[in-house]
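Colleague: Mind looking at a prediction? Sequence and model below.
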Amino acid sequence: MDIFVIEIVDADNVHMELLREFQKKEISNPKKWNQHCFSYLMVDRILRDFYGIEDREIVFNGKKPFLKNREKFFSISHSEDFVALAFSDFDCGVDIEKIRLREFEQISKRMGFKCNTLEEFYNEWTKYEAEYKLGKPAQKFKKFHFDDYVITASSVNIQEEFEIYIQSGEVFPNANA
């Protein structure tokens, strides 16, 4: 599984008409609309440039997006100014959360998490969300920490290997080269 972490503020430099082409649902909040469209633009670009996939038509099974041709599976998550995109040959889920101070004890109790620290809470929360986005029981999880963010990816494949690419101002490597 490849996980891409991309700063969304770069979407400000993308022409609005181009972003509009990648709108998958109606969203009235301008920031959330920008995140949504930018995410699908990045899914399209990674499928095209990193994986060399020509047919990139996205359809939905309920709320879960997937490629119509099932050539790759993907998952999307946003938090603050970042989007995390996971791509796999198998069903996958991803969640990214910025760690911020919050009263986590009541949420932990309600969700059945066993957490004594804020970091433990975010580890459990992102694991829960990644599996929820997977839509079925996960066979394997992988956690990453990036600045003040926790990223968890989940897969139905027990043999899944995970690679993370964090935007650094450079173009992502092309796996097809």
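Modeller: Yep, that arrived.
Colleague: In this protein, what residue spans correspond to helices?
Modeller: Counting by DSSP state H, one finds helices in the chain at the ranges 16-20, 30-49, 104-111, 118-134.
Colleague: Give me whichever of the ones you listed is most buried.
Modeller: Of all the helices of the chain, helix 118-134 has the most neighbours on average by mean count of other C-beta atoms under 10 Å, namely a mean of 20. Backbone N, C-alpha and C define where each C-beta goes, glycine included.
Colleague: Could you name the helices and strands sitting against that helix?
Modeller: Under the contact criterion of 3 or more C-beta pairs under 8 Å, 6 or more residues apart in numbering; DSSP states H and E, helix 118-134 touches strand 73-79, strand 92-98, helix 104-111, strand 140-146, strand 149-155.
Colleague: Give me the distance between the second one and the centre of its chain.
Modeller: Just to be clear, that refers to strand 92-98. Computed by C-alpha atoms, centre = their mean, to the nearest Å, the chain-centroid distance of strand 92-98 equals 5 Å.
Colleague: swap in the last one?
Modeller: Averaging C-alpha coordinates over strand 149-155 and over its chain gives two centres that are 8 Å apart (C-alpha atoms, centre = their mean).
Colleague: From Trp125, how far out is Ile53?
Modeller: 32 Å (C-beta to C-beta, to the nearest Å).
Colleague: try Ile3
Modeller: According to C-beta to C-beta, Ile3 stands 17 Å off from Trp125.
Colleague: Also Glu161?
Modeller: Counting by C-beta to C-beta, the gap from Glu161 to Trp125 is 24 Å.
Colleague: can you check Asp2 too?
Modeller: For Asp2, the distance to Trp125 - C-beta to C-beta - is 23 Å.
Colleague: What of His36?
Modeller: Distance from His36 to Trp125, by C-beta to C-beta: 21 Å.
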